[in-house]
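# Coordinates for the following, if possible.
(4 chains)
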There are 2 protein chains.
Amino acid sequence: MSYRRSFLMEERLADNRQRILKAARALVAEGGFNHASIAAVAASAGLSAGAIYRYFPSKAALFVEVLTSAIDHEIAILQDIAQGEGNVTSRLRGCVESFANRALEGPYLAYAFIAEPAEQEIDEARLLGRKRFGEVFKSLLIEGIDAGEFPAQSVDIGAACIVGAFTEALIRPIAPRAKREGRKELVEGIVAFCLRAVGANASVRKAGRGARA
Amino acid sequence: MSYRRSFLMEERLADNRQRILKAARALVAEGGFNHASIAAVAASAGLSAGAIYRYFPSKAALFVEVLTSAIDHEIAILQDIAQGEGNVTSRLRGCVESFANRALEGPYLAYAFIAEPAEQEIDEARLLGRKRFGEVFKSLLIEGIDAGEFPAQSVDIGAACIVGAFTEALIRPIAPRAKREGRKELVEGIVAFCLRAVGANASVRKAGRGARA
DNA sequence: CCAAGAAGTGAATCGGCATTCACAAAAAAA
DNA sequence: TTTTTTTGTGAATGCCGATTCACTTCTTGG
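Just a heads-up that it's a prediction; the model follows:
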């Protein structure tokens, strides 16, 4: 045996891998998937195109990992809120608010992750991500119904609808270029919609909300 | 001048154009945009690939037209319901129901039109379609608020959320392969979600209970 | 029937990009 | 240092399907 990876080497490799992922994420964030060709990622990571393939079997795999890890992160945040303090209604509110705010923070990234057309494999990962988001809301719904905060309802459908609702409402302002103005209202509007949809307002009224057109 | 299109010729051309559109629609319906290469469309329309370009400047243009005309049709149906008889709540219900049912009828087509990744131009058309769907709901919301059937709320956001909600709820069962079972429940669930979201149930209970709190 | 112009053909071209590969540089063992 | 193996390079390759184009076939008007 005449070669074994030294510790330092191992570290360097891991670091390269990270740098590739980071570069890919950054490129997507600044210009969507179009912007993120293998060549561009390589350049931005300080490697050659060929080298990428020592770390990822294909472009799709690379971006699936980018997407997935971003979603993991997002899910963790949501879960944290969902399992936190307070009644279900306020936690649900927190989740929607947080997601919306974070999405509006990095518009292009969010667009890419929510809606930008991309190849099949990436899209599958996206679909899966949506399902996972849905699951967070689903358990919140179940809990809320059990606690008597929400009326009985189909939780699977409700969860999907919630994800769809804020996603869609978020995309319009995001897709081309966002206007920063009205952000607070947007988030509030989305939250209000979701809470009403779930039947939360009926039993837990907070304060007069809703601006009218 | 030694050539002028006869009436018959004109008809044939128009017919070809229609056949191309129809073939394209059919191919999308049966296998998504992937399935619908120019070659395939041409073959299915009984023409050569090159001929397509006498009728459409590009593949994108062709499919944008396919998409747009399908959306036009859908919008017309919705508008019909939206401007029909009855109180706003029941018309809203009708719109959502109708859309959902029709989407579940032709799963692949709906998927392609709602969510399948495709090139930029097509996606823009899709986004525009969503906006147009949103507008139908927006005016319904305005009417409902004015009529006192719905509480005050942000109608732009609400409209977007409605579109997003049923769209998302529809896609999950559609995308891979739909189960026919549970369809009625699915549609009912979506409708219920939207009506609650809009605050319809609060003031207009299906039977009895005077409107306007 | 003929000439002129239009429509239709389909194989060749083209463009864009991921992926590969022959080779070079670097690292570990000897 | 030499050998062996791994990592890195970047130009060349491969692929795929839209688009083009030189050519054929059809239509029309004379």
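# what does chain A put close to DNA strand C?
Neighbours of DNA strand C within chain A, by CB under 7 Å from any atom of the strand: A:1-6, A:8-9, A:34, A:37-39, A:49-50, A:53, A:58-60. For glycine as for every other residue, the C-beta is placed from the backbone atoms N, C-alpha and C.
# In helices, which of those residues fall?
Among the residues of chain A next to DNA strand C, the members found in helices (DSSP state H) are A:8-9, A:34, A:38-39, A:49-50, A:53, A:59-60.
# Which of these are buried, as a PyMOL select command?
If you want just the buried ones from those in PyMOL, going by 16 or more other CB atoms under 10 Å in any protein chain shown, the selection is:
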select buried, chain A and resi 38+59+60
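# Adding distance to chain B and pLDDT, write the ones in helices among the residues of chain A next to DNA strand C out as TSV.
Below are those laid out as TSV (distance: CB to the nearest CB, whole Å; pLDDT from 0 to 100):
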residue	distance to chain B	pLDDT
A:L8	42	86
A:M9	39	88
A:N34	8	85
A:I38	19	97
A:A39	20	97
A:A49	24	97
A:G50	27	97
A:Y53	24	98
A:K59	15	97
A:A60	12	96
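# what two of the ones in helices among the residues of chain A next to DNA strand C have the greatest distance between them?
Across these, the longest distance by CB to CB is 36.9 Å; it joins A:L8 and A:N34.
# And A:I122, how close does it get to B:G46?
Separation of A:I122 from B:G46 (CB to CB, to the nearest Å): 36 Å.
# Give me the more crowded residue out of these two.
A:I122 (24 against 11; other CB atoms under 10 Å in any protein chain shown).
# Please name the residues that touch A:R183.
Taking CB atoms under 8 Å, 6 or more residues apart in numbering or on different chains as the criterion, A:R183 is in contact with A:L104.
# Kindly report the same for A:I81.
A:91, A:94-95, A:98.
# next one: phi and psi at A:G86?
Main-chain dihedrals, A:G86, degrees, to the nearest 10: phi 90, psi 170.
# ok, for it, nearest residue in space, not its chain neighbours?
Setting aside the residues directly before and after it, A:G86 is nearest to A:G94 in space (CB to CB, 6 or more residues apart in numbering or on different chains), at 7.9 Å.
# Give me the number of neighbouring residues for that neighbour.
Around A:G94 there are 19 residues (other CB under 10 Å).
# pLDDT score assigned to it?
Per-residue pLDDT puts A:G94 at 97.
# And for the one 5 residues further on?
What the model reports for A:F99 is a pLDDT of 94.
# any idea how far A:S90 is from A:I71?
24 Å.
# what's around the closest residue to DNA strand C within chain A, how many residues?
Nearest to DNA strand C in chain A, going by CB to the nearest atom of the strand, is A:S6, at a distance of 2.5 Å. By other CB under 10 Å, 9 other residues sit near A:S6.
# got it, and A:E97?
If you count neighbours by other CB under 10 Å, A:E97 ends up with 17.
# same thing with A:Y111?
A:Y111 has 21 neighbours, counted by other CB under 10 Å.
# Check the one 10 residues further on too.
Counted with other CB under 10 Å, the neighbours of A:E121 add up to 15.
# contacting residues for it?
Listed by CB under 8 Å, 6+ apart, the contact set of A:E121 reads A:60-61, A:64.
# could you redo the last one with a cut-off of 7 Å?
A:E121 makes contact with A:60, A:64, according to CB atoms under 7 Å, 6 or more residues apart in numbering or on different chains.
# Against A:S58, how distant is it?
Distance of A:E121 to A:S58, given as CB to CB: 8 Å.
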